[in-house]
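Peer 1: structure, please.
(one chain, ligands or ions: 1)
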Amino acid sequence: MSKTAEVKFEGKSYELPVIEGTEKEIGINIGSLRSESGLITLDPGFKNTGSTKSAITYLDGEKGILRYRGYSIEELADKSTFLEVSYLLIFGHLPSESELSDFQNQIKVHTLVHEDIKKILEGFPSNSHPMGVLSSLVTSLTAFYPESLDPNRSSERVNLSIIRILAKMPTFAAWAYKNEVGHPVNYPDNNLDYCSNFLKMMFALPAEKYDVDPVISSALNKLLILHADHEQNCSTSTVRVVGSSQASLYASISAGINALWGPLHGGANSAVIEMLENIKKDGGDTKKWMAKAKDKNDPFRLMGFGHRVYKNFDPRARIIKKAADDVLDKLGVDDPVLDIAKGLEQVALNDEYFVERKLYPNVDFYSGIIYRALGIPVDMFTVMFALGRLPGWIAQWKEMRENNEPIGRPRQIYVGENLRPYVDLKKR
Ligand code: ACO
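Peer 2: Just a heads-up that it's a prediction; the model follows:
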């Protein structure tokens, strides 16, 4: 017998179907509620609203579980590569050896970008924030590949658009950085793997030999895997909603990049480092900054703490904290900001305010410290997040299209003025 839930309103009762997921998550399907009762549900910030049924990522915020297509994030971060995880997210299964090598080769073929895109890049002032440049360059792909505009084209066409964006995103990201520092851009080196190629485009300087440090490349691989998907978060929901209007993959991903930019989402990783630097400059008194974070009259929040869904711990933060220690150790980096971060974490974990509200370090609390150790500048942190999140956005966009989901269009409760007569300008 399928389960139902009952809503009672003004003496009438309405029976609604209950949907159960494969991990026993349950939700009430309110699809018929409005037509039967006139009621809508109100949930600002969609804190308790499921927008879709998805088979991509499972997370349990209470238990700190995160799985991509059923595989634990711990195992994937330990054993796989970013492109393998990308394939898994997008196509639903771990690739065989030949599928993986085919996928990698296809990506290598498409890493170059049209020379005219360089002209667009050159039009941006130096110092432009790389996130704005990245989202613009991604949108520009719609002009260079107009066949990508129609998301209803054959699956081969859609797959080609997917390969192109996966291949070109590291080039765009590295070029956005080069533009910011005013250096000439580097072209892709297709002899290298995905992460090493990106690092070379970021850091190689003209007439200087650049060898990718395998410690750095492998740390980057882990970071990208940890960021690869996170079900219906702000930027992913944006990608799905934009795509639901049948806008193209590139237009949808570009919107996701902009949604990721804000400090409450992907922008948190750079905000964490800025915060830690400020605490250091201020003498390193973590208690003083904790008091600011708790003061409701002070807008300051402890960046990198708290999460909409994780209420006990963020499994990615655990992996990344260990990776931060390893990477700093291997690279011989002694970062005083790491000591402040650890001190802050200890104070917060034992503080009543943070414990009561279940505020724990999230993935971004430590990712900034690793990025710094890898030599990635602060402005680029959110771009790194976008690079990692790309396969998740693609998988979610593709799933939404394949499920033929309707256009995203929430309702509202209007609380403005009732009808009133227009007042002539001179009489106001
Ligand atoms: N510092 C101080 N207080 C906080 C913090 C924080 N970082 N986060 C939440 N709180 C407090 C709020 O003031 C609120 O207190 P109240 O109940 O007394 O009013 C309570 O905890 C609940 O907070 P909400 O903002 O309602 O929680 P929500 O789920 O809406 O927000 C969010 C989650 C945006 C992540 C929030 O915790 C935050 O702003 N954190 C800092 C920014 C950050 O690190 N973002 C990265 C998120 S992870 C990611 O995108 C990869």
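
Peer 1: residue ranges with poor pLDDT in the stretch 251-400 of the chain?
Peer 2: Within the stretch 251-400 of the chain, not a single segment meets pLDDT under 70.

Peer 1: ok, and the closest non-adjacent residue to the closest residue to the ligand within it?
Peer 2: Using C-beta to the nearest ligand atom, the closest approach of the stretch 251-400 of the chain to the ligand is made by residue 306 at 2.3 Å. In this view, the C-beta of every residue, glycine as well, is placed from N, C-alpha and C. Of all residues not flanking residue 306 in the chain, residue 359 sits nearest, at 4.4 Å (C-beta to C-beta, 6 or more residues apart in numbering).

Peer 1: next, count neighbours for that neighbour.
Peer 2: Taking other C-beta atoms under 10 Å as the neighbour definition, residue 359 ends up with a count of 20.

Peer 1: quick one: it and residue 305 touch, right?
Peer 2: Yes. Here residue 359 reaches residue 305: they are 4.9 Å apart, a contact under C-beta atoms under 8 Å.

Peer 1: joint contacts of these two?
Peer 2: residue 348 (C-beta atoms under 8 Å, 6 or more residues apart in numbering).

Peer 1: can you give me the offset of stretch 2-16 from its chain's centre?
Peer 2: 37 Å (C-alpha atoms, centre = their mean, to the nearest Å).

Peer 1: and it, end to end?
Peer 2: Stretch 2-16 has an end-to-end distance of 11 Å (C-alpha to C-alpha, to the nearest Å).

Peer 1: and it, which residues are buried?
Peer 2: 7, 14, 16 (16 or more other C-beta atoms under 10 Å).

Peer 1: just say helix, strand or coil for the last one.
Peer 2: Pointing back at residue 16 there. The local conformation at residue 16, judged by DSSP: H, G, I helix; E, B strand; the rest coil, is strand.

Peer 1: before we move on, the earlier item: now the buried residues of stretch 2-16 in JSON lines, with pLDDT and distance to the ligand?
Peer 2: Below are those laid out as JSON lines (pLDDT from 0 to 100; distance: C-beta to the nearest ligand atom, whole Å):
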{"residue": "7", "pLDDT": "97", "distance to the ligand": "26"}
{"residue": "14", "pLDDT": "97", "distance to the ligand": "30"}
{"residue": "16", "pLDDT": "97", "distance to the ligand": "26"}
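
Peer 1: how about the residues of the stretch 251-400 of the chain by the ligand?
Peer 2: Within the stretch 251-400 of the chain, the positions near the ligand by C-beta under 6 Å from any ligand atom are 264-266, 268, 293, 301-308, 357, 359, 362-364.

Peer 1: how about 5 Å then?
Peer 2: 264-265, 268, 293, 301-302, 304-306, 308, 357, 362 (C-beta under 5 Å from any ligand atom).

Peer 1: ok, and the most crowded of these?
Peer 2: Top of these by neighbour count (other C-beta under 10 Å): residue 304, with 29 neighbours.

Peer 1: right, and it touches residue 274 too?
Peer 2: No. Contact status for residue 304 versus residue 274: not in contact, 10.9 Å apart, counting by C-beta under 8 Å.

Peer 1: for the stretch 51-200 of the chain, which segments count as strands?
Peer 2: 57-60, 65-68, 71-72 (DSSP state E, counting those that start in this stretch).

Peer 1: pipe these into JSON lines and attach distance to residue 135 and mean pLDDT per row.
Peer 2: Below are those laid out as JSON lines (distance: least, C-beta to C-beta, whole Å; pLDDT from 0 to 100):
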{"stretch": "strand 57-60", "distance to residue 135": "23", "mean pLDDT": "96"}
{"stretch": "strand 65-68", "distance to residue 135": "25", "mean pLDDT": "97"}
{"stretch": "strand 71-72", "distance to residue 135": "30", "mean pLDDT": "98"}
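
Peer 1: for residue 223, which of those strands is the nearest?
Peer 2: strand 65-68 (14.6 Å; C-beta to C-beta).

Peer 1: what about that closest one, near the ligand?
Peer 2: No. If you take C-beta under 5 Å from any ligand atom as the test, strand 65-68 misses the ligand, and the best it gets is 11.8 Å.

Peer 1: and for residue 211, the neighbour number?
Peer 2: Neighbour number of residue 211 under other C-beta under 10 Å is 8.

Peer 1: tell me the average confidence for the lengthiest helix in the chain?
Peer 2: Scanning the chain for the helix with the most residues, using DSSP state H, yields helix 155-181. Averaging pLDDT along helix 155-181 yields 95.

Peer 1: could you list every helix and strand in contact with that helix?
Peer 2: helix 97-109, helix 115-123, helix 130-144, helix 194-203, helix 249-261, helix 381-402 (3 or more C-beta pairs under 8 Å, 6 or more residues apart in numbering; DSSP states H and E).

Peer 1: show me which residues of it are buried.
Peer 2: For helix 155-181, a neighbour-count test (16+ other C-beta under 10 Å) marks 158, 160-180 as buried.

Peer 1: report the contact partners of residue 193.
Peer 2: 81, 83, 104, 217.

Peer 1: looks like the last one contacts residue 194 (just checking).
Peer 2: No. In terms of C-beta under 8 Å, residue 217 does not count as a neighbour of residue 194; the distance is 9.2 Å.

Peer 1: of the two, who's got more company?
Peer 2: residue 194 (24 against 19).

Peer 1: got a list of what that one touches?
Peer 2: Per C-beta under 8 Å, 6+ apart, neighbours of residue 194: 81-83, 104, 107, 170.

Peer 1: residue 236: which of the helices and strands packed on helix 155-181 is closest?
Peer 2: helix 381-402 (5.2 Å).

Peer 1: by how many degrees do the closest one and helix 249-261 diverge?
Peer 2: Inter-element angle recorded for helix 381-402 and helix 249-261: 130 degrees (by axes from the mean of the first three to the mean of the last three C-alpha atoms, to 10 degrees).

Peer 1: residues making contact with stretch 61-77?
Peer 2: 55-59, 85, 88-89, 92-94, 222, 225-226, 228-230, 307, 309-316, 318-319.

Peer 1: of those residues, which belong to helices?
Peer 2: 85, 88-89, 222, 225-226, 315-316, 318-319.

Peer 1: now, which of the residues you listed sits nearest residue 128?
Peer 2: Nearest to residue 128 among those, counting by C-beta to C-beta, is residue 226 at 27.6 Å.

Peer 1: how many neighbours does the closest one have?
Peer 2: Residue 226, neighbours per other C-beta under 10 Å, totals 25.

Peer 1: one more: residue 149?
Peer 2: Residue 149 has 16 nearby residues by other C-beta under 10 Å.
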